[in-house]
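[1] Return atomic coordinates for the entry below.
(chains A and B)
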Amino acid sequence: MIANQLKKLLLTLLIVITAQVQAIEIDGSSQLLMMRSKQSFPEAMLALQSTLGEYDYIISRVQRIDIGLTGMGYNTDMYRVLFFTKPNEFREVIAKYPELTAYMPLKLTIFAEKDETIIATVDPTVLRFINSSAEFTRLTRRWRSDIVAIMDELRELE
Amino acid sequence: MPRFKHFSTALLLLFTATTSLAAPKGDLLYEKNCGTCHGLDGSGGVGVPLSLPSFQASVDDHFLFQNIRYGRPGRVMPAFSDLSDAQVNAIVRHIRSLAPHIKPVVLDNSKVISGDIINGKKLYSENCGQCHGANGEGGHGTGVTFSRPRDLPIIAPALNNAGFLAAASDEMIRHTITYGRQGTPMQAFGRKGQNEQEINDIVAYIRTFENSKHWQPVAVDEATITMESEYGLEESVENLKRAAVGKNFKVIRIQNLEDGMFPEAEQDKRSIIVYFCNFSFVNRAINIDPRVGLFLPCRITLTEHDGVVSLTAINPRYMSRFYNNSELDEACSEMYDIYIEIMEEAIL
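    Modelled structure (predicted):
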């Protein structure tokens, strides 16, 4: 009996410790969520698009900043901004939090660095100043964890 | 004694699990926390290179450790205060493995170097300011550039930076100036024992940067800029277009807010986005910090609600603090002023 309880206790402890270590490893950096993909820009772009799809997001628009820049005579490698959202959630969120309109849909920056690709965005939980309710916090945390999970998947790809 | 057996198994389980946790994986920690900026192989990017033999030879593990702890406030690199000592040490070991044959210098980090500050200041402005900035604020932009042309192959770090000054000992600074970093724009000023006193003077002067004003994140709580227009939706859009063009911006796109999410017929027509851009400004912003895409392109959203049209945009000053980049703060301040001017003009 005692041994069983002890075992339970120890296991719980173990889980708590593991969870903490993982949290620290993810939270180590700043308030931008960033990753480096080992893939070249076109491959990374495709992978990003399909992974967003797997998480039920659609891409509402891709802004080709590089095309605009080179068109004006500035030299740059591939540089895009990708707008993504879940359409029905988008409507609900805008109706409930109109203050969030300027930040919606969510955005990711993707740009080439030689034969690799950088993807970056601001951690959505920084929008806490817009609304401090528990519900809003849950919403931005979910966006954050989706983005982190998507980046974790993309990081694995060769 | 089955009870004790269970107990000891559980204990053993916990023990092995914690020891494996206690040995953090430097390569994974580096990939997640550092690799995006410094490159997976340490060749640089938004951050400076870390694998160069000349760099690895000229800094000790203490300097690397402190750099990770303090970061470079206002110069992009975040402080990693949440990592445990063991994790930071694992990262340091991983950085060393990027240049495995290099033996780092041994420095007396407690040694205080004194010198003639006035002479140091003069020597600094003659020899260092052109790259590290007149007041040690660093070059424009950071790190290595792969994606666009810039002034130098590696942008000179800020020397008036609180994180740098906390991580670097006098001896480290003296050593760096004396031997430079081969393969980077940082040349050696004292090889063969030249300029010893002058170099000490410069070190003493660089220490005075500790008294200069250090970067603080801009504390703005308004995440958006919002104004109301007295005109109808269509007219407000026209006014806004005119105002943006008047400020040298090109209107690049006008669309329903819900464009790309729902079929045209189902889109809410009372919310409209006007996108505009000034490519010279965008080019400058990306050079300062390639991660600025979140601000791009400029956008104002017009929404009609109960007959009232409101204009809203992100507040660039609110967003900039999250980039830990003092140069970007300035650009965002400029951007903020432009948004205000354009919106005020549009609702006039």
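[2] rest of the way, CA atoms for contacts and neighbours
    Fine.
[3] Quick check, the residue in the stretch 201-348 of chain B closest to chain A?
    Of all residues in the stretch 201-348 of chain B, residue B:260 sits closest to chain A, at 4.2 Å by CA to the nearest CA.
[4] Which residue, neighbours along the chain excluded, lies closest to whichever residue of chain A sits closest to chain B?
    Residue nearest to chain B within chain A (CA to the nearest CA): residue A:60, separated by 4.2 Å. Nearest residue to residue A:60, sequence neighbours excluded (CA to CA, 6 or more residues apart in numbering or on different chains): residue B:260, at 4.2 Å.
[5] now the strands for chain B?
    Under the criterion DSSP state E, chain B contains strands at B:224-229, B:250-256, B:271-277, B:298-305, B:308-314.
[6] Take those and write them to JSON lines, including distance to chain A.
    Compiled in JSON lines, the strands of chain B are given as follows (distance: least, CA to the nearest CA, whole Å):
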{"stretch": "strand B:224-229", "distance to chain A": "7"}
{"stretch": "strand B:250-256", "distance to chain A": "9"}
{"stretch": "strand B:271-277", "distance to chain A": "9"}
{"stretch": "strand B:298-305", "distance to chain A": "7"}
{"stretch": "strand B:308-314", "distance to chain A": "5"}
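[7] tally of neighbours for the closest residue to residue B:345 other than its chain neighbours?
    Nearest residue to residue B:345, sequence neighbours excluded (CA to CA, 6+ apart): residue B:243, at 5.9 Å. Counted by other CA atoms under 10 Å in any protein chain shown, the residues lying close to residue B:243 total 19.
[8] likewise the one 4 residues further on?
    Neighbours of residue B:247 under the rule other CA under 10 Å: 14.
[9] State the pLDDT value of it.
    For residue B:247, the model assigns a pLDDT of 94.
[10] Do I have it right that it meets residue B:343?
    No: here residue B:247 lies out of contact with residue B:343, judged by CA atoms under 8 Å, at a distance of 11.0 Å.
[11] Which residues are in contact with residue 45?
    Here I'm looking at chain A. Applying CA atoms under 8 Å, 6 or more residues apart in numbering or on different chains to residue A:45 gives the contacts residue A:110.
[12] think we crossed wires, I meant chain B
    A:113, B:36-39, B:143-146.
[13] Distance of the closest residue to residue B:137 other than its chain neighbours relative to residue A:148?
    Take residue B:137 and drop its neighbours on the chain: the residue closest to it by CA to CA, 6+ apart is residue B:158, 4.6 Å away. Distance of residue B:158 to residue A:148, computed by CA to CA, to the nearest Å: 31 Å.
[14] which of these two has more neighbours?
    Just comparing residue B:158 and residue A:148: by other CA under 10 Å the higher neighbour count belongs to residue B:158, 23 against 17.
[15] how far away is that one from residue B:136?
    Computed as CA to CA, the residue B:158 to residue B:136 distance reads 5 Å.
[16] Strands along chain A, start to end?
    Taking DSSP E, the strands of chain A run over residues A:32-37, A:58-64, A:79-85, A:106-113, A:116-122.
[17] Helices of the stretch 51-200 of chain B, start to end?
    Ranges of helices within the stretch 51-200 of chain B are B:53-58, B:61-70, B:85-97, B:117-127, B:129-132, B:162-167, B:170-179, B:196-207, based on DSSP state H, counting those that start in this stretch.
[18] And chain A, by the same measure?
    For chain A, helices defined by DSSP state H occupy the ranges A:2-27, A:41-54, A:65-71, A:87-96, A:134-156.
[19] which bits of the stretch 151-300 of chain B sit near chain A?
    With CA under 8 Å from any CA of the partner chain as the criterion, the stretch 151-300 of chain B comes near chain A at residues B:221-224, B:259-262, B:279, B:283, B:291-294, B:296-297, B:300.
[20] so how many other residues sit close to the nearest residue to residue B:189 once chain neighbours are set aside?
    Nearest residue to residue B:189 in three dimensions, chain neighbours excluded: residue B:178, at 5.0 Å (CA to CA, 6+ apart). Applying other CA under 10 Å, we find 21 residues neighbouring residue B:178.
[21] how about the most centrally placed residue in chain A, what does it touch?
    Centroid-nearest residue in chain A: residue A:147, 2.2 Å away (criterion: CA atoms, centre = their mean). Listed by CA under 8 Å, 6+ apart, the contact partners of residue A:147 are residue A:33.
[22] State the distance from it to residue A:54.
    12 Å.
[23] And for residue A:116?
    Distance of residue A:116 to residue A:54, computed by CA to CA: 23 Å.
[24] Which one's more surrounded, these two?
    Counted by other CA under 10 Å, residue A:116 and residue A:54 do not tie: residue A:116 has more neighbours, with 18 against 11.
[25] wait, isn't that one in contact with residue A:42?
    No: counting by CA under 8 Å, residue A:116 does not reach residue A:42; the two are 9.9 Å apart.
[26] Residue B:100: neighbour count?
    Neighbour count for residue B:100, taken as other CA under 10 Å: 13.
[27] contacts for stretch B:179-194?
    Contacts of stretch B:179-194 with the rest of the structure, by CA under 8 Å, 6+ apart, involve B:52, B:54-55, B:58, B:152-154, B:176-178, B:195-196, B:199.
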